[in-house]
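Enquirer: sequence and predicted structure, then a few things I'm wondering about:
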Amino acid sequence: MNDPMILEFTRADARRWVREPGPSDDKYTRGVLGVVTGSHDYPGAAVLGVEAAIRTGVGMLRYTGPGRVCDLVLHRRPEVVTVAGRVQAWLLGSGMDARTRTAQQRETLVAAAYSGVPCVLDAGALDLTGETSGPAVITPHARELARLLSSRGVPVTEEEISADPCSWAARAARELQSTVLLKGHQTVVSDAEGQLRVLPRATGWLATAGTGDVLAGILGALCATNAEVIVGDPRTLASVAATSVVIHSRAAELASAGGPIAALDIAGMIGRAVAELAAD
Ligand SMILES: NC(=O)C1=CN([C@@H]2O[C@H](COP(=O)(O)OP(=O)(O)OC[C@H]3O[C@@H](n4cnc5c(N)ncnc54)[C@H](OP(=O)(O)O)[C@@H]3O)[C@@H](O)[C@H]2O)[C@@H](O)CC1
Ligand SMILES: Nc1ncnc2c1ncn2[C@@H]1O[C@H](COP(=O)(O)OP(=O)(O)O)[C@@H](O)[C@H]1O
């Protein structure tokens with residue numbers, strides 16, 4: 001495979017995507033994130049993503065999901081709104097399974113994906129890659145990307161992707177015409193033209209269940225608060241995605257302090273990680 005072009009991505013680049021509210025802002029001008037995540041099998045993923053998005057900073061969050069999951073989300077975060085309405089970005093698919101999704105769940109996901117606003121496609125919504133009308137970023141790990149590419153006529157294994165994440169992220173982005181955030185011990189982001197941002201390695205303690213759901217929540221929030229710029233220039237989505245990785249890594253470092261972490265603890269440190277970036 002050809003060597004992909006690697007662009008530098010600094011903290012100063014990440015700082016650009018942290019939007020601090022000003023005197024003329026209200027909850028709607030800041031950006032509303034719509035979230036369709038979680039299932040009876042994986043309710044926790046919805047709680048983690050919602051918590052992370054709120055900690056990253058949004059004007060409001062609208063959540064749609066099964067009744068029990070909705071109850072758990074509201075129990076943790078009563079500020080969440082569960083009535084349908086306008087949103088500036090969507091976070092779709094964490095804690096869902098494309099193979100066991102109901103037809104109605106698919107319809108809800110497809111309607112969101114075709115709404116024209118920026119979309120984050122995670123886990124059980126990755127099969128909608130290419131079925132979006134606005135800018136989209138996909139957030140697979142190596143196994144999910146292998147599955148997705150193989151289903152689109154590019155046979156590849158998880159092991160091959162893990163051995164060369166840069167080349168595969170760039171190739172996937174070009175083939176799928178989407179921004180790709182490929183998660184792993186070395187996370188990389190590619191824009192649809194195959195230009196890469198390689199992020200500094202994060203703590204290995206991140207290798208624990210639910211940390212990807214937290215990352216998706218951070219990215220969803222950044223998409224909602226930067227929606228206008230992203231829609232105006234979809235290429236900026238790669239920088240927004242790289243920023244979510246910077247915030248996620250720093251929050252994990254703060255939560256870990258050199259020891260084990262639980263995913264929800266990372267979400268608890270996001271506010272501090274964002275404040276540090278804003279102070280730069
Ligand atoms: N709290 C929540 O709600 C959480 C919810 N989550 C949600 O879960 C969903 C699925 O995400 P995922 O990444 O697990 O999916 P996927 O790529 O299909 O991997 C399955 C592969 O793993 C393997 N495998 C299983 N056990 C193994 C073992 N002991 N040792 C070794 N291998 C083992 C298994 O292999 P097998 O057992 O079949 O041989 C199969 O190949 C997704 O919606 C996500 O958001 C998660 O974020 C976690 C927290
Ligand atoms: N060995 C590792 N070192 C550093 N970060 C890791 C490592 N393994 C996984 N991660 C990070 O942890 C997160 C795991 O996400 P994911 O695979 O989606 O898990 P889950 O589905 O359980 O949330 C990603 O952000 C990934 O980059």
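Expert: Great, that's in hand. Here the structure is a predicted model, which means the values were calculated and not measured. Ligands and ions are numbered 1, 2, ... in the order given.
Enquirer: give the other helices and strands that the least confident helix or strand in the chain by mean pLDDT contacts.
Expert: In the chain, the helix or strand scored least confidently by mean pLDDT, DSSP states H and E is strand 6-7, which has a mean of 92. For strand 6-7, the packing partners by 3 or more Cβ pairs under 8 Å, 6 or more residues apart in numbering; DSSP states H and E come out as strand 196-198. For every residue, glycine as well, the C-beta is placed using N, CA and C.
Enquirer: now the strand it packs on: buried residues?
Expert: Leu196, Arg197, Val198 (16 or more other Cβ atoms under 10 Å).
Enquirer: a markdown table for these, including distance to ligand 2 and pLDDT?
Expert: Compiled in a markdown table, the buried residues of strand 196-198 are given as follows (distance: Cβ to the nearest ligand atom, whole Å; pLDDT from 0 to 100):
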| residue | distance to ligand 2 | pLDDT |
| --- | --- | --- |
| Leu196 | 15 | 98 |
| Arg197 | 14 | 97 |
| Val198 | 12 | 94 |
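Enquirer: of those, closest to Leu7?
Expert: Relative to Leu7, the closest of the buried residues of strand 196-198 is Arg197; by Cβ to Cβ it sits at 5.7 Å.
Enquirer: and the gap between that closest one and Val83?
Expert: For Arg197, the distance to Val83 equals 37 Å [Cβ to Cβ, to the nearest Å].
Enquirer: check contacts around Gly271.
Expert: Shown in contact with Gly271 (Cβ atoms under 8 Å, 6 or more residues apart in numbering): Arg55, Gly57.
Enquirer: tell me the confidence at it?
Expert: Looking at Gly271, its pLDDT reads 98.
Enquirer: secondary structure element for it, which one?
Expert: Using DSSP states H and E, Gly271 maps to helix 263-279.
Enquirer: what about that helix and ligand 2, touching?
Expert: No - Helix 263-279 stays clear of ligand 2 (Cβ under 6 Å from any ligand atom), getting no nearer than 6.8 Å.
Enquirer: so which bits of that helix are buried?
Expert: Under the neighbour-count criterion of 16+ other Cβ under 10 Å, helix 263-279 has Ala263, Leu264, Asp265, Ile266, Ala267, Met269, Ile270, Ala273, Val274, Glu276, Leu277 buried.
Enquirer: close to ligand 1: what parts of the stretch 151-280 of the chain are there?
Expert: Ala209, Gly210, Gly212, Asp213.
Enquirer: give me the neighbour count for the third one.
Expert: Using other Cβ atoms under 10 Å, Gly212 has 23 other residues around it.
Enquirer: let me see the ranges of the helices in this protein.
Expert: Along the chain, counting by DSSP state H, helices occupy 11-15, 27-30, 43-56, 67-76, 103-113, 142-151, 158-163, 165-176, 211-225, 227-232, 237-256, 263-279.
Enquirer: adding distance to Gly130, write the ones you listed out as a markdown table.
Expert: Below are the helices of the chain laid out as a markdown table (distance: least, Cβ to Cβ, whole Å):
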| stretch | distance to Gly130 |
| --- | --- |
| helix 11-15 | 28 |
| helix 27-30 | 30 |
| helix 43-56 | 22 |
| helix 67-76 | 27 |
| helix 103-113 | 10 |
| helix 142-151 | 10 |
| helix 158-163 | 19 |
| helix 165-176 | 6 |
| helix 211-225 | 18 |
| helix 227-232 | 18 |
| helix 237-256 | 15 |
| helix 263-279 | 29 |
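Enquirer: and those, which is most packed in?
Expert: Comparing the helices of the chain by mean neighbour count (mean count of other Cβ atoms under 10 Å), helix 211-225 ranks first with a mean of 30.
Enquirer: any residue of that helix touching ligand 2?
Expert: Yes - residues of helix 211-225 contacting ligand 2 under Cβ under 6 Å from any ligand atom: Thr211, Gly212, Asp213, Leu215.
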